[in-house]
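Asks: Following is a predicted model, sequence given first.
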Amino acid sequence: MANVRFVEMSNHTDVSSLELRQRAEASSRTRISKWFLVFAEQTEIAYMCLDINPDDTFLVLYELFIQSDKRRTGFGRSILAELEIYAKSQGYGAIALRPRPIDNDMSEADLIKWYKSASYSEHEDDSDLLVKYF
């Protein structure tokens, strides 16, 4: 797996990559949202938005957008592994997400299959919600 790191963004102007900056500009944000750039070494590879609510037992992966030329290279798995480490360090016992494709590169069914292959499963009360407990 590739070594990745997250850098919290204060705004979308922090992003060098045009593709990632445009995604960050289009992304919604709430009072509990935090934006991150994901780097592999010194290269921006992804934009990620997390909803971090200290009252919840789970961290919400609201959006993960991997730069198009970095997809299907293993970076997604590396990001999920690093996200699990981050979530644990923040005191969360799970990561939750609603898998929805952002562009036409992957179908919703394929995206769900990809997350399930990374040990995410349907929440017992909400089949649209995927959760990974740890």
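Replies: Ah, there it is.
Asks: can you pull out the helices in the protein?
Replies: 18-26, 75-89, 108-117 (DSSP state H).
Asks: Now render those as a markdown table, adding mean pLDDT, mean neighbour count and distance to Leu59.
Replies: (Glycine included, C-beta is placed from N, CA and C.) Compiled in a markdown table, the helices of the chain are given as follows (pLDDT from 0 to 100; neighbours: other C-beta atoms under 10 Å; distance: least, C-beta to C-beta, whole Å):
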| stretch | mean pLDDT | mean neighbour count | distance to Leu59 |
| --- | --- | --- | --- |
| helix 18-26 | 95 | 17 | 19 |
| helix 75-89 | 97 | 17 | 4 |
| helix 108-117 | 97 | 14 | 15 |
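Asks: Just give the nearest non-adjacent residue to Pro99, would you?
Replies: Leu111 (4.5 Å; C-beta to C-beta, 6 or more residues apart in numbering).
Asks: Kindly report the same for Ser16.
Replies: Per C-beta to C-beta, 6+ apart, closest to Ser16 is Glu44, 5.9 Å.
Asks: re the thing from before, okay but the residue nearest to Pro99 is in contact with Arg100, surely?
Replies: Yes - judged on C-beta atoms under 8 Å, Leu111 makes contact with Arg100 at a distance of 7.5 Å.
Asks: joint contacts of the two?
Replies: Listed as contacting both Leu111 and Arg100 by C-beta atoms under 8 Å, 6 or more residues apart in numbering is no residue at all.
Asks: on that earlier part again, now render the helices of the chain as a markdown table, adding distance to Met48.
Replies: Shown next, in a markdown table, are the helices of the chain (distance: least, C-beta to C-beta, whole Å):
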| stretch | distance to Met48 |
| --- | --- |
| helix 18-26 | 10 |
| helix 75-89 | 7 |
| helix 108-117 | 14 |
